[in-house]
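Novice: predicted structure and sequence below. I'll ask about it afterward.
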Amino acid sequence: MLAYLVKRLFQAIAVMLAISFIGFAIQDNLGDPLRELVGQSVSEETRQQLRDELGLNDSFLTQYVRFLGNAVQGDLGTSYFFKEPALDVIMKKLPATLELVLGATLIIVGLSVPLGVYTAIKPNSIPSKIIMGASIVGISIPVFLTAILMIYVFSVELHWLPSYGRGDVVHVFGYWDTNFANVDGWAHILLPSIALASIMLPLFVRLIRAEMMEVLQSEYVKYAKAKGIHPGRIYFVHALKNTLLPVITVGGVQIGTMVAYTILTETVFQWPGMGFMFLEAVNRVDTPLIVAYLIVVGFIFVVTNTIVDLIYGLVNPTVNLARMGA
Amino acid sequence: MSTVATNPEPSRFERIWNSNMAYSFRRNPVAVVSLAIFLAIAIMSLLAPVIAPFDPYDPAQIDIMNSEYPPVWVDGSEPEFILGTDDQGRDLWSTILYGTRLSLLIGLCAVGLQAFLGISIGLIAGYIGGRLDSLLMRLADIQLSFSTLMVAIIFLAVTQAMFGSETFNQYAVFFLIAVIGVAEWPQYARTVRATVLAEKKKEYVDSARVLGFGPLRIMVRHILPNSLSPIFVISTVQVANAIISEASLSFLGLGMPPSQPSLGSLISSGFDYIFSGSWWITAIPGVVLVVLVLVINLLGDWMRDVLNPKLYKG
Amino acid sequence: MSLLSVRDLTVKFAMRDQTVTALDQISFDLGKGERLGIVGESGAGKSITGFALMNLLSRPGFIDSGSINFEGREIAGLSDKEMRPIRGNRMAMIFQDPMVTLNPVLTIGQQMVETLQAHRKLSKADAEQISIMKLREVYIPSPEDRLGQYPHELSGGMRQRIVIAMALLLEPELIIADEPTTALDVTIQADIMELLLELCTSNMVGLILITHDLGVVSQMTERTLVMYAGRIIEAGKTREIINDPQHPYTQGLINALPQQTLPGQRLKQIPGNMPGLTAIPDGCPFAPRCQYAIDNCRRTRPETVSYANVEVACHEVNRLHNTVLEDQSA
């Protein structure tokens, strides 16, 4: 178990190194930090002096190692626009994005399992056909269109729900303000969460259905029937557990994908999260912020993937973590 | 598909194609309708320069005074513009035709690139095996664990910042094809590798080797035809995904510029006017995009049902 | 009265554009504690017979007509819900491959306890005690520890013993064993068969043993059915069938046994293949492969007749028997 953990950790570090390298390469090539610091009215001499002082004339490798050293200590540079540490800027925006992801995840988990199981158990029923039909339409509508459609229907036409922003949030601690504390917060997060969930939900329903149908064809399910086990137990104990194992792996990857989709949802709903911030940073060519976002998002991906792998190993009795480490 | 028809040795795939595929297609109205709609959209967009009443790329034909006319069935419309005009005064029908052409072009080319990279890597990894195989598959795992959209967003954002919007806009088509094409190779590589591993053990590959055929010939002539059905199924879904990715990237302003809009950028520019009531600039390209992706997905679903290799185990 | 009585059981499969007959009017009886072997090549309908008895045919298969009378009750038309108290309780089944029979994510204990609790009101602790007792009966070492283990932690032979223990949990009247050793190592096949025989005799449990191995049938069973292309072509006491087979197909099967072949000789396989379900000939299904077949065999389907202590479906059994006698006297 420990050996596997160490191995997985090493892999995670290797990927983070690769990401940081890409980040640094971007930093190195994109924009001139000097111009952002002192403007253009400084003489060439002072410029060279400043370059030396800032270490911009050092070799690529030296600069990279310095960048890495700073990054490990949480220093990802200073945002040109906000004039404060890039990591701080992101940390202030992170809770909004995470809450959005949480809202969408709740919708996905809450609906995909029952819908997927139902359509697998009763594949020929009318509700199943409707669910499957809706799911293929669902995966064919891009997230941003779902978002626009919902704004048009629920905000512009019906005036039921707000179309942008986080609304009335409640402070929790540090940078964390939550949407889940009052009605206004809920009203604001509802549409963005549904929009974000809209592409993943049908994917998961279809995935769970396909896996479940395969499991229901298996010998051990037939054997359980031959033992006279109640169908409820066959579906929810024998089959569901085997169904969810591969779903966990895919789910881990999809969490990462969801972070990407937050950029789209946040743009449409002007949700003050880090995705919205990233696009603004791109438009302002705020290089340190772009690089910091890349590294934070990369970190989120790596951490979720590692955790998902570990959970999979713990949940699946046929995976021997001790042996995998060897 | 022409590769199948010209293949001199009847492969397993070809037999399936001739019998079950055609049969199932005729019996499946959803597949027939989907293919018909897809072909209609594809042909119309291909013929955009011929059938479009205006050239949306020609500034001389655009008059800002014509902006935001609604479609002809709405009050205040201008009969000249069937589907109305966008915020810049372009004829929406013409712009959609050209935009669909771009979306399809980018989607197909990106998937072509994916398939080329993925199939080559999959063949090499499966055929050579050993350390190279494990290295490539490890890379595929890592690549898959990152979302394509995320990679594409960051790549395009950085490229745009690096080259400046003007240069970027000029070459946006290529950037989009490249990034969507490169990011999704593992899908193909994994599938092809699995087939190669399965086929490699079979006698005919051995006998081809004994006959002195080189590895390239064995792979292309003997192994590849057996990977065709999964490749077809993946490709269909991937085209749909690539079109969605392109639209999403363009919507974010990281893809096609408003001056040369794809469906995504058209929706994006229309979004600013949705609150003022000009819904058609967003809605009509949106419907076209969804219908296009939907019919491709429906075809993909049908193809998976028919070609699913599991059904032909024996 | 017999434990199980099957009459004219017909099973069909609804395919894409036609319906094929997988079991064609098969009839047989099984007494209490009696052991019956069903032999035939793969695809002859042996397994389908087993699943049909349990009413466990999976789509597109279905029981078309005929009756299955079990313990005096007609069970052919029962719903899943009505069958549930019978399955695993009165009639248990042992599947072919123990590697895929047990659920990989549930412990042995969970899978045994759920079987008991599905049919009896028992506490978990009581159910575990019964499970341990049954595991001991199938000679599983330290059965207490096995309950907490997952299937993948055990060998194939061990798993099949556990499946046998599970079949015995509720003291059923009938066990249907579908090729219970084919998936196992040759070295442990005999052990498992011996165990099964011992448990059936000591508990007076009826056994239907489905196998392609006439040798196993001769050691395990009292009566035998030989199946070909979904039909019973010969039935009778195992001893009679082994010693004096009447149907040319059965004769061919016995001649093909390795024991019947002298060292250095080739195995005497029956030439040709069994017809697929979609292409069963009109007359005797074996006619295309039968060296004695005459025109009549290819035209009309043979009725089952009693001949030399067995029931046999062959037009030419009379002539054939005489030819064999002539050969012997010559």
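Specialist: Yes, it's here.

Novice: contact residues of chain A facing chain C?
Specialist: Chain A has residues A:217-220, A:222-231, A:233, A:237-238, A:241-242, A:245, A:316-318 near chain C, with proximity defined as CB under 8 Å from any CB of the partner chain. The C-beta positions use only the backbone N, C-alpha and C, and glycine is treated the same way.

Novice: give me the most central residue, chain A.
Specialist: Within chain A, the residue whose C-alpha comes closest to the C-alpha centroid is residue A:259; the distance, by CA atoms, centre = their mean, is 2.8 Å.

Novice: that one contacts residue A:97, correct?
Specialist: Yes - distance between residue A:259 and residue A:97: 7.4 Å, which falls inside the contact criterion (CB atoms under 8 Å).

Novice: what's the overlap in contacts for these two?
Specialist: When contacts are counted by CB atoms under 8 Å, 6 or more residues apart in numbering or on different chains, the set common to residue A:259 and residue A:97 consists of residue A:275.

Novice: the helices in the stretch 151-300 of chain C, which residues?
Specialist: Ranges of helices in the stretch 151-300 of chain C, per DSSP state H, counting those that start in this stretch, are C:156-168, C:186-203, C:214-220, C:238-243, C:248-256, C:295-299.

Novice: so which of those helices is the most packed in?
Specialist: Each of the helices of the stretch 151-300 of chain C was scored by mean neighbour count; the highest is helix C:156-168, a mean of 24, by mean count of other CB atoms under 10 Å in any protein chain shown.

Novice: packing partners for that one?
Specialist: Helix C:156-168 makes packing contacts with strand C:91-94, helix C:98-101, helix C:108-119, helix C:124-137, helix C:186-203 when contacts are defined by 3 or more CB pairs under 8 Å, 6 or more residues apart in numbering or on different chains; DSSP states H and E.

Novice: the third one and chain A in contact?
Specialist: Yep, that's helix C:108-119 we're talking about. Yes - in terms of CB under 8 Å from any CB, part of helix C:108-119 sits within range of chain A, namely C:114-115, C:118-119.

Novice: can you check the pLDDT for the closest residue to residue A:236 other than its chain neighbours?
Specialist: Setting aside the residues directly before and after it, residue A:236 is nearest to residue A:117 in space (CB to CB, 6 or more residues apart in numbering or on different chains), at 7.8 Å. In this model, residue A:117 is scored at 93, pLDDT.

Novice: pretty sure residue A:117 is touching residue A:232, no?
Specialist: No - the pair residue A:117 and residue A:232 does not pass the contact test of CB under 8 Å, sitting 11.2 Å apart.

Novice: who has more neighbours out of these two?
Specialist: With neighbours defined as other CB atoms under 10 Å in any protein chain shown, residue A:117 and residue A:232 compare such that residue A:117 has more, 19 against 8.

Novice: wait, is that one part of a strand?
Specialist: No - the assignment for residue A:117 by DSSP: H, G, I helix; E, B strand; the rest coil gives helix, which leaves it out of any strand.

Novice: quick check: it vs residue C:135, distance?
Specialist: Look at residue A:117 and residue C:135: by CB to CB, to the nearest Å, they are 33 Å apart.

Novice: tell me the residues of the stretch 51-200 of chain C that contact chain A?
Specialist: C:54, C:56, C:58, C:80, C:83-89, C:92-93, C:95, C:97, C:100-106, C:114-115, C:118-119, C:150, C:152, C:166.

Novice: among the residues you listed, name the buried ones.
Specialist: Buried residues within those, counting neighbours by 16 or more other CB atoms under 10 Å in any protein chain shown: C:54, C:56, C:83-84, C:86-89, C:92-93, C:95, C:97, C:100-106, C:114-115, C:118-119, C:150, C:166.

Novice: and the next helix or strand past the strand or helix carrying the residue nearest to the centre of chain A?
Specialist: Taking DSSP states H and E as the criterion, the element that holds residue A:259 is helix A:240-269. Toward the C-terminal end, the helix or strand that comes next after helix A:240-269 (DSSP H and E) is helix A:274-283.

Novice: same for the helix or strand that that following helix is followed by, what does it pack against?
Specialist: As assigned by DSSP H and E, the chain's next helix or strand after helix A:274-283 is helix A:287-315. Based on contacts counted as 3+ CB pairs under 8 Å, 6+ apart, the elements that helix A:287-315 packs against are helix A:2-29, helix A:86-121, helix A:240-269, helix A:274-283, helix A:321-325, helix B:148-183.

Novice: least confident of the ones you listed, on average?
Specialist: Minimum mean pLDDT among those: helix A:321-325, a mean of 48.

Novice: next one: the residue nearest to residue C:67 when sequence neighbours are not counted from residue C:222, what distance?
Specialist: Of all residues beyond its chain neighbours, the one nearest residue C:67 is residue C:7 (4.7 Å), with distances taken as CB to CB, 6+ apart. Separation of residue C:7 from residue C:222 (CB to CB) stands at 21 Å.

Novice: do the helix or strand containing residue B:290 and chain C come into contact?
Specialist: Assigning secondary structure by DSSP H and E places residue B:290 in helix B:280-307. No - when contact is scored as CB under 8 Å from any CB, no part of helix B:280-307 falls within range of chain C; the minimum is 12.2 Å.

Novice: show me which residues of the stretch 151-300 of chain A are close to chain B?
Specialist: The stretch 151-300 of chain A has residues A:151-152, A:156, A:252-253, A:256-257, A:259-261, A:263-264, A:267-268, A:278-279, A:282-283, A:285, A:287, A:290, A:294, A:297 near chain B, with proximity defined as CB under 8 Å from any CB.

Novice: tell me the residue of chain C that sits nearest chain B?
Specialist: residue C:16 (8.8 Å; CB to the nearest CB).
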